[in-house]
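S.K.: For reference, the sequence and a predicted model appear below.
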Amino acid sequence: MGIVASSNNQGLITGEAGGMDMGQVAVKPRRLICVGGYGETGGMPEVAGADGHCGAARKAFNRGLGRVKAVMDQRAAETSYGIPAELITPAISWSMYSLRKDWNQAKNEIAPWWAEYSKEAYASGLTQLAAALKNWSDSRTGKRAGRAMGFPRFKSKRKAVKSCRFTTGAIGCEDRYAVLPRVGRVQLHEPPAYELLDGSARILAATIRYERGRWFVSFTVEQDMPTTRPKRPEAVVGVDLGIKSLAVLAEPDGEPRAVPNPRHLAASLRKLGRLSRRVSRRTGPDRRTGQVPSIRWKRANAQRNRVHRAVAYLRADALHKFTTAVAAEYGTVVVEDLNVAGMLKSRRLVVADRWFASSKTCSGCGVVKAKLLLSERVFTCESCGLCMDRDENAARNLAALVVAASGAETLSGRGADQKTRVTGQVAVKRLPGSPVRETGTALPEAVSV
């Protein structure tokens with residue numbers, strides 16, 4: 001068995017189009033992915049080489065992180081003892097080049113086997129460490145937007161995802177084979193994308209990853225790509241993720257349209273239950289006693305994992321097709337605190353913040369309900385009598401948000417950490433004891449954010 005190489009409807013080419021006019025070409029790095037796995041054949045030399053490179057990257061990452069933590073703890077202890085600043089232990093640089101220099105000076109002692117693997121394996125782990133430290137530092141100082149980033153943690157051999165990135169060396173893709181430094185020629189289960197074979201895509205880097213029992217190899221390529229425009233550039237649509245349905249699409253002047261939920265997991269629960277019972281009857285591993293799993297347990301567990309893997313792939317495929325279809329048709333997409341990278345390509349994506357009461361607000365009169373239980377799937381307005389599905393009502397409010405906030409700039413997912421700016425008429429809550437008809441909308445200057 002070899003690696004699986006498959007393609008999607010877009011020829012595996014994704015990325016930003018740069019917002020250029022039709023007829024122009026944007027030349028930017030794109031990500032071309034060949035997906036595949038060796039299956040349950042751990043004795044193959046290609047698998048052993050890939051696993052060793054990922055372990056080398058984890059070793060360099062943990063050693064660099066330990067070095068950084070030791071220096072930070074030493075400096076903090078010396079500072080608490082009242083030692084002058086000019087006498088405390090000097091700080092070390094967190095750049096990738098400094099971390100790699102420190103690794104090269106100590107690799108003969110801590111990793112005498114380092115020559116067995118490519119130097120790119122160690123550079124891959126140190127690059128990840130440098131990026132993690134920079135993200136943590138920028139998050140603390142306020143330079144990085146979004147949620148707060150924690151300090152990097154050591155990678156566990158048992159839990160960490162095995163991955164390694166190659167940026168130099170013999171990297172290529174032949175017919176039914178992928179060429180990787182030191183790993184060699186790896187057989188592909190399916191032919192790769194034609195862009196890799198005809199030379200139209202220049203390979204910049206390759207990344208190997210072990211996930212769900214399979215090995216994946218992805219190529220970062222550079223290719224000339226023509227820009228694309230949506231079918232309806234002026235159209236606005238609100239997207240609300242539902243519970244009964246996958247999503248509900250609503251245009252300002254159109255009827256809401258529900259996208260049915262494929263329910264891939266529900267369709268596989270019966271088979272998963274049967275396989276799980278089979279696994280429970282076998283002799284499995286026990287870390288406390290050191291018990292080794294039986295061959296029959298490994299076989300049954302592999303069968304169960306294949307079902308989980310199929311469900312995950314079906315879910316990802318359904319989401320990719322849905323977001324691609326929305327981005328290809330509408331010029332402006334309004335979502336509720338959702339960062340969909342596929343919709344950011346040459347589109348105007350407006351993100352409503354998490355405090356925007358899209359479900360509680362009446363799309364007819366603008367009155368906001370004080371409470372709306374999750375079990376209430378039908379929205380009923382006590383003011384105007386509107387009655388409709390709560391997801392359809394939320395989708396209409398999201399679509400109307402762009403109409404009210406005309407001229408708003410495109411926002412990324414991180415821009416949703418602030419409350420939506422008040423523009424036009426704003427829905428207000430009905431105060432206790434006030435007549436029903438005295439509430440509804442208010443001018444922006446009358447509402448404080």
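M.R.: Perfect, I can see it now.

S.K.: C-alpha from now on. contacts and neighbour counts both.
M.R.: Noted.

S.K.: which outside residues touch stretch 93-111?
M.R.: With C-alpha atoms under 8 Å, 6 or more residues apart in numbering as the test, stretch 93-111 has contacts from 60, 63-64, 68, 92, 114, 123, 126-127, 129-130, 133-134.

S.K.: and with 6 Å instead?
M.R.: 127, 130 (C-alpha atoms under 6 Å, 6 or more residues apart in numbering).

S.K.: What residues sit buried inside it?
M.R.: 94, 96, 99-100, 102-103 (16 or more other C-alpha atoms under 10 Å).

S.K.: which stretches of the stretch 1-150 of the chain aren't confidently modelled?
M.R.: 1-48 (pLDDT under 70).

S.K.: does the nearest residue to His264 once chain neighbours are set aside count as helix, strand or coil?
M.R.: Distances taken as C-alpha to C-alpha, 6 or more residues apart in numbering place Val311 nearest to His264, at 5.9 Å, with adjacent residues excluded. Assigned by DSSP: H, G, I helix; E, B strand; the rest coil, the conformation of Val311 is helix.

S.K.: Ala247 and Ala400: what is the separation?
M.R.: Using C-alpha to C-alpha, to the nearest Å, Ala247 is found at 17 Å from Ala400.

S.K.: picking up where we left off before, find the pair from the buried residues of stretch 93-111 with maximum spatial separation.
M.R.: Trp94 and Trp103 (12.4 Å; C-alpha to C-alpha).

S.K.: Can you name the helix or strand that Arg315 falls in?
M.R.: Using DSSP states H and E, Arg315 maps to helix 295-329.

S.K.: Please, which helix or strand holds Val333?
M.R.: strand 330-336.

S.K.: Distance from that strand to the middle of the chain?
M.R.: Computed by C-alpha atoms, centre = their mean, to the nearest Å, the chain-centroid distance of strand 330-336 equals 19 Å.

S.K.: quick check: angle from that strand to helix 295-329?
M.R.: 130 degrees (axes from the mean of the first three to the mean of the last three C-alpha atoms, to 10 degrees).

S.K.: Check the contact between Leu398 and Val239; I expect there is one.
M.R.: No. Applying C-alpha atoms under 6 Å as the test, Leu398 and Val239 come out as separate, 7.1 Å apart.

S.K.: which of those two has more neighbours?
M.R.: Leu398 (32 against 27; other C-alpha atoms under 10 Å).

S.K.: residue ranges with poor pLDDT in the stretch 151-300 of the chain?
M.R.: For the stretch 151-300 of the chain, counting by pLDDT under 70, the residues that fall below are 243.

S.K.: now the strands for it?
M.R.: 162-166, 172-174, 177-180, 184-187, 202-211, 214-226, 232-241, 245-250, 257-260 (DSSP state E, counting those that start in this stretch).

S.K.: residues in contact with the second one?
M.R.: Applying C-alpha under 6 Å, 6+ apart, the set of residues contacting strand 172-174 from outside is Val179.

S.K.: Direction included, what does it pair up with?
M.R.: Taking DSSP bridges as the criterion, strand 172-174 pairs within the sheet with strand 177-180 (antiparallel).

S.K.: With the longest one instead?
M.R.: When pairs are called by DSSP bridges, strand 214-226 turns out to pair with strand 25-34 (antiparallel), strand 202-211 (antiparallel).

S.K.: now the last one and strand 162-166, what's the angle there?
M.R.: Read that as strand 202-211. 170 degrees.

S.K.: And strand 202-211, what's buried?
M.R.: Counting neighbours by 16+ other C-alpha under 10 Å, strand 202-211 gives 202-210 as buried.

S.K.: Return the member of those nearest to Val221.
M.R.: Distances from Val221 to the buried residues of strand 202-211, taken by C-alpha to C-alpha, are shortest for Ile203, at 4.3 Å.

S.K.: can you pull the contacts of the closest one?
M.R.: 220-221.

S.K.: From Ser118, how far off is it?
M.R.: Counting by C-alpha to C-alpha, the gap from Ile203 to Ser118 is 18 Å.

S.K.: Same question for Ala206.
M.R.: From Ala206 to Ser118 the distance is 13 Å (C-alpha to C-alpha).

S.K.: Likewise for Ala316?
M.R.: 33 Å.

S.K.: Likewise for Gly254?
M.R.: 58 Å.

S.K.: So for those two, which sits in the more crowded spot?
M.R.: A side-by-side neighbour count of Gly254 and Ser118, using other C-alpha under 10 Å, places Ser118 first with 19 against 10.

S.K.: Now do the phi/psi pair for the residue nearest to the more buried one when sequence neighbours are not counted.
M.R.: Among residues not flanking Ser118 along the chain, Arg182 sits closest, at 6.1 Å (C-alpha to C-alpha, 6+ apart). When read as degrees, to the nearest 10, the backbone of Arg182 gives phi 60, psi -30.

S.K.: How many neighbouring residues does Arg182 have?
M.R.: Counted with other C-alpha under 10 Å, Arg182 comes out at 18.

S.K.: where's it relative to Thr207, distance?
M.R.: 13 Å.

S.K.: Extract the residue ranges of the stretch 301-449 of the chain that are flagged as low pLDDT.
M.R.: 336-354, 402-449.

S.K.: What ranges does it have for its strands?
M.R.: Counting by DSSP E, counting those that start in this stretch, the strands of the stretch 301-449 of the chain are 330-336, 348-352, 378-380, 387-389, 426-427, 441-442.

S.K.: Alpha carbons of the first one, as CSV, please.
M.R.: Extracted as CSV, the C-alpha positions of strand 330-336 are listed here (Å, rounded to 0.1, in the frame of the first residue of the first chain):
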residue,chain,number,x,y,z
TYR,A,330,-22.3,35.8,-3.6
GLY,A,331,-20.2,38.9,-3.5
THR,A,332,-20.8,39.7,0.2
VAL,A,333,-21.2,37.0,2.9
VAL,A,334,-22.4,37.8,6.4
VAL,A,335,-21.6,35.3,9.1
GLU,A,336,-21.9,35.3,12.9
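
S.K.: Buried ones in stretch 314-330, by neighbour count?
M.R.: 314, 326-330.

S.K.: ok, those vs Lys155, which is closest?
M.R.: When the buried residues of stretch 314-330 are compared against Lys155 (criterion: C-alpha to C-alpha), the nearest one is Leu314, at 29.3 Å.

S.K.: Having no further points to raise, I will conclude here.
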